[in-house]
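# Here's my sequence, what's the structure:
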Amino acid sequence: MKIKHIFIVIIGVLSTQIATSQEGLPIYTDYLTDNYYLIHPSMAGIANCSKIRLTSRQQWFGHEDAPRLTTLSLNGRIGDTPSAIGGILYTDRNGYHSQTGAYATYAHHLLFSRNEVDLNMLSFGLSAGFIQYKLDETSFLFDGPDDIIDGIVQNETNFNIDIGFSYHYLDYYAHATVKNVLKNAGINDDPNITSNLRKYLFSVGGIFGKLGSEWSYEPSLMFQYRDATQEASIDINAKVYKEMDFGKIWGGLSFRQSSDGAEYITTSNTIKSQKLQQITPILGVDYKQFMFAYTYTYQTNSLVFTNGGFHQLTLGYNFACRRKQYDCKCPAVN
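Prediction:
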């Protein structure tokens with residue numbers, strides 16, 4: 001590939017990364033590792049145990065300043081009430097851009113069934129928090145002064161909220177969440193880029209398995225839509241669980257497809273377009289009160305920055321557990 005074409009591709013990749021680095025907590029496949037609370041505030045405290053989850057996600061090993069995301073979340077019920085609280089801390093670094101955020105969540109769960117055997121519950125959740133964006137320009141002025149570069153570390157702190165609901169009926173569920181409801185300026189102070197970070201998320205799924213069987217299966221879908229840029233993508237997911245004496249082992253596969261393409265110039269000076277495609281295998285184990293999971297996200301497009309993908313490790317601990325209340329497999333609830 002000619003030098004100018006390489007330059008154009010790199011600029012396109014970096015522009016995409018910069019745009020997404022200011023979206024708040026990124027929407028990766030963390031939610032599939034028993035962590036739906038990261039993206040849906042209504043899932044706070046829905047399980048019979050309080051949960052702590054620590055996730056570290058690293059892209060492009062061996063490349064300096066490659067994207068890296070770390071999240072720490074905690075959620076659980078308030079005693080025996082239908083109310084729950086939670087909190088999320090995260091840091092997201094991507095080259096010269098970085099953001100650090102903290103959210104607090106309140107959720108309420110309404111049980112419609114006459115008893116706790118048949119699961120029929122509607123949940124509402126609200127998260128509010130602060131995000132600090134940073135742009136490090138201290139190394140930008142290697143060729144001399146520039147009117148549009150200050151040569152300092154710019155930072156901006158914004159407040160935003162997420163709202164959503166979840167509905168669980170027996171072994172089936174649906175979630176809907178609006179993230180970044182409020183408008184803000186962001187670090188670039190450019191309303192065309194950062195004033196509207198609103199994103200809509202919709203998830204549906206179910207768990208299937210024979211009565212008394214150690215095996216269960218969970219197909220699910222998640223659709224996300226970015227309001228400002230009108231970008232959309234869909235996740236097609238499949239997980240399988242096997243009950244063990246010590247807990248549970250599980251695995252799965254997720255495929256993400258965007259509906260919008262990015263244009264690039266080939267070596268023959270023709271313009272082509274490709275849509276984001278990612279495939280993510282998942283492997284996890286629940287050992288008594290502990291949880292461990294590993295995922296690897298691989299971008300299947302023909303034109304990529306590097307062949308390396310995302311490595312993600314998740315560690316979890318469940319505490320203050322109550323008895324399993326519902327006659328369903330529903331791993332996110334029981």
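# Mind listing residues that contact the helix or strand harbouring Ile88?
Per DSSP states H and E: Ile88 is located in strand 83-94. Strand 83-94 has contacts (CB atoms under 8 Å, 6 or more residues apart in numbering) with 17-18, 21, 25-26, 37-38, 41, 44-46, 65, 67-78, 98-109, 127, 129. Quick note: C-beta positions are derived from backbone N, CA and C, even for glycine.
# From the residues you listed, list just the buried residues.
18, 21, 25-26, 37-38, 41, 44-46, 67-69, 71, 73-77, 98-101, 103, 105-109, 127, 129 (16 or more other CB atoms under 10 Å).
# Wasn't Arg53 part of a helix?
No. Under DSSP: H, G, I helix; E, B strand; the rest coil, Arg53 falls outside any helix and is assigned strand.
# thinking it is in contact with Leu72, fair?
Yes. Here Arg53 reaches Leu72: they are 7.5 Å apart, a contact under CB atoms under 8 Å.
# Just give the number of residues close to the residue nearest to Gln230 when sequence neighbours are not counted.
Using CB to CB, 6 or more residues apart in numbering and skipping residues adjacent in sequence, the residue nearest Gln230 is Asp260, 7.8 Å away. For Asp260, the count of nearby residues is 13 (other CB atoms under 10 Å).
# same question, Ala320
Ala320 has 11 neighbouring residues, counting by other CB under 10 Å.
# show me what contacts the residue nearest to it when sequence neighbours are not counted?
Leaving out its chain neighbours, the residue that sits closest to Ala320 by CB to CB, 6+ apart is Ser50, at 4.5 Å. By CB under 8 Å, 6+ apart, the residues touching Ser50 are Leu74, Asn75, Gly76, Arg77, Asn318, Phe319, Ala320, Cys321.
# show me where pLDDT drops low in the stretch 151-300 of the chain?
In the predicted model, the stretch 151-300 of the chain carries pLDDT under 70 at residues 151, 185-194, 261-267, 271-273.
# Do a quick rundown of the strands in it.
153-169, 172-179, 199-206, 215-226, 231-243, 247-265, 271-287, 290-299 (DSSP state E, counting those that start in this stretch).
# So for Ala332, which of those sits nearest?
strand 172-179 (7.3 Å; CB to CB).
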